[in-house]
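A.B. asks: Generate a structure from the sequence data that follows.
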Amino acid sequence: MNRRNFVLKSLLTVGSLIPLRKTFLSTTSYQKTMNKKISKKHDLKFKQAFPGLMGVDIMAHAYPIEPFLVFTEFRMTRPVFGPHPHAGISVMTYMLPDSKESFINRDSQGDFSYIEPGGMHIMQAGSGMHHDEFPKVTGNESHGFQIWINHADKNRFVEPKSMHASAHEVPEKITDDYKVRIVHGEFEEMTTHYKMVTAVNLFHIFLKPNKSISLDAMPMAFVYGLNGKGQSEGETIQAQTLVHYSLEGNKVTINASDEGLECMFATGTPHNEPITYGGPFVMTTAEQMAETQRRFSRGEMGKLEPYKG
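C.D. replies: Take a look at the predicted model:
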């Protein structure tokens, strides 16, 4: 090879590596991990909402948890609400494995399900439907979470549907350090067979004594304590403690104390769109809300008669 050809080949080789180097650097930067910092901590308590219903209510208008809108730990012993509609959101019920009783779930599209301890049900209400949920046996306590997940404006009026998972259908990742129940989303390449139009991860975590877990996080993330004790970023987490994190960063690390820690971890990306509340309906604009209420009054969200057993 003469000198001219050698120089030309060298220049072409170096030139071809420049974009590869840029791509590598960009990928490396993108994959850089940074723990989120805690922006606020709240020690909450159960309160009586109605006869037969105790709850710890976490609402997006008071806490920065959107795309979650309602995150309520409940203890219910009897029917409380009766048949009622929803529109513009998804409503999830997750029954904790320690619940003494199952829920009956009914909706205006014909679903009749038992949400057993450890099971999960989603009503993706979209354009609107009715449902009814209550303990299978009055007087036996059902223990779980009622969760509202916001829809982006483009998905406000998706076709309503129900998604259900029995206890054995909720994926679990078990290691020497922890058990993670994947209530919705993806963890360690395990995913739920159901998927809402709003992408969120919701995990029920059992962390063994003095062990830790590091979790991928979207911009919004929070941890809610259930049992035991632990800490994250120097803040103590115990039963009914809520810690929410800064938007910056992409990891959340949780450490258990000597007694271990059971908690919920939720993460998602805020829609950053206006929210208009109207009782069981959530819309983007007042005009959408007015039309939704008119559709409801015209009977366009179906009908569900009171349960007669």
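
A.B. asks: ok, now which ones touch the residue most central in space within the chain?
C.D. replies: Nearest to the mean C-alpha position of the chain, by C-alpha atoms, centre = their mean, lies residue 202 at 4.1 Å. For residue 202, the contact set (C-beta atoms under 8 Å, 6 or more residues apart in numbering) comprises 92, 94, 147, 182, 183, 184, 185, 264, 265, 266. (Glycine included, C-beta is placed from N, CA and C.)

A.B. asks: Could you rerun that using 7 Å?
C.D. replies: When contacts are counted by C-beta atoms under 7 Å, 6 or more residues apart in numbering, residue 202 touches 183, 184, 185, 266.

A.B. asks: Distance check, the closest residue to the first one other than its chain neighbours against residue 149.
C.D. replies: Closest residue in space to residue 183, ignoring its immediate chain neighbours: residue 202 at 4.3 Å, by C-beta to C-beta, 6 or more residues apart in numbering. Residue 202 sits 9 Å away from residue 149, taking C-beta to C-beta, to the nearest Å as the criterion.

A.B. asks: secondary structure element for residue 293?
C.D. replies: Under the criterion of DSSP states H and E, residue 293 resides in helix 286-297.

A.B. asks: how many other residues sit next to residue 155?
C.D. replies: 17 (other C-beta atoms under 10 Å).

A.B. asks: nope, residue 157 is what I was after
C.D. replies: 19.

A.B. asks: Contact partners for the closest residue to it other than its chain neighbours?
C.D. replies: Leaving aside its chain neighbours, residue 157 sits nearest to residue 127 (4.3 Å; criterion: C-beta to C-beta, 6+ apart). By C-beta under 7 Å, 6+ apart, residue 127 lies in contact with 87, 157, 158, 159, 160.

A.B. asks: so where is the chain shaky, pLDDT-wise?
C.D. replies: 1-31 (pLDDT under 70).

A.B. asks: Mind naming the longest strand for it?
C.D. replies: strand 251-268 (DSSP state E).

A.B. asks: buried stuff in the helix or strand that it is followed by?
C.D. replies: Using DSSP H and E, the helix or strand that directly follows strand 251-268 along the chain is strand 276-278. Under the neighbour-count criterion of 16 or more other C-beta atoms under 10 Å, strand 276-278 has 276, 278 buried.

A.B. asks: elements contacting strand 276-278?
C.D. replies: helix 286-297 (3 or more C-beta pairs under 7 Å, 6 or more residues apart in numbering; DSSP states H and E).

A.B. asks: hmm, back to that, return the subset of the contacts of residue 202 lying in strands.
C.D. replies: 183, 184, 266.

A.B. asks: Okay, now the sheet partners of the helix or strand encompassing residue 133, with direction.
C.D. replies: Secondary-structure assignment from DSSP H and E places residue 133 in strand 129-135. Applying DSSP bridges to the sheet, strand 129-135 is found paired with strand 84-86 (antiparallel), strand 103-107 (antiparallel).

A.B. asks: So which residues make contact with the first one?
C.D. replies: Outside strand 84-86, the residues within contact range by C-beta under 7 Å, 6+ apart are 123, 125, 128, 129, 130, 280, 281, 296, 301.

A.B. asks: was I right about the third one contacting residue 297?
C.D. replies: No. Contact status for residue 128 versus residue 297: not in contact, 11.5 Å apart, counting by C-beta atoms under 7 Å.

A.B. asks: Please say which of the two ends up with more neighbours.
C.D. replies: With neighbours defined as other C-beta under 10 Å, residue 128 and residue 297 compare such that residue 128 has more, 20 against 9.

A.B. asks: Enumerate every residue touching the more buried one.
C.D. replies: By C-beta under 7 Å, 6+ apart, the neighbours of residue 128 are 85, 87, 160, 292, 295, 296, 300, 301.

A.B. asks: what's the strand holding residue 133 in contact with?
C.D. replies: By C-beta under 7 Å, 6+ apart, strand 129-135 touches 76-80, 82-86, 93, 101, 103-109, 123, 142, 160, 301-304, 307.

A.B. asks: same question, stretch 68-76
C.D. replies: 52-60, 65, 89, 135, 141-150, 266, 268, 282.

A.B. asks: can you map out the helices along the chain?
C.D. replies: Counting by DSSP state H, the chain has these helices, from start to end: 3-31, 286-297.

A.B. asks: For the nearest residue to residue 254 once chain neighbours are set aside, the count of nearby residues, please.
C.D. replies: Leaving aside its chain neighbours, residue 254 sits nearest to residue 232 (5.0 Å; criterion: C-beta to C-beta, 6+ apart). The tally of other residues near residue 232 (other C-beta under 10 Å) stands at 24.

A.B. asks: So what sits opposite residue 232 in the bridge?
C.D. replies: residue 235.

A.B. asks: Same check on residue 282?
C.D. replies: residue 277.

A.B. asks: Let me see the contact set for it.
C.D. replies: With C-beta under 7 Å, 6+ apart, residue 282 has these contacts: 69, 88, 89, 150, 275.
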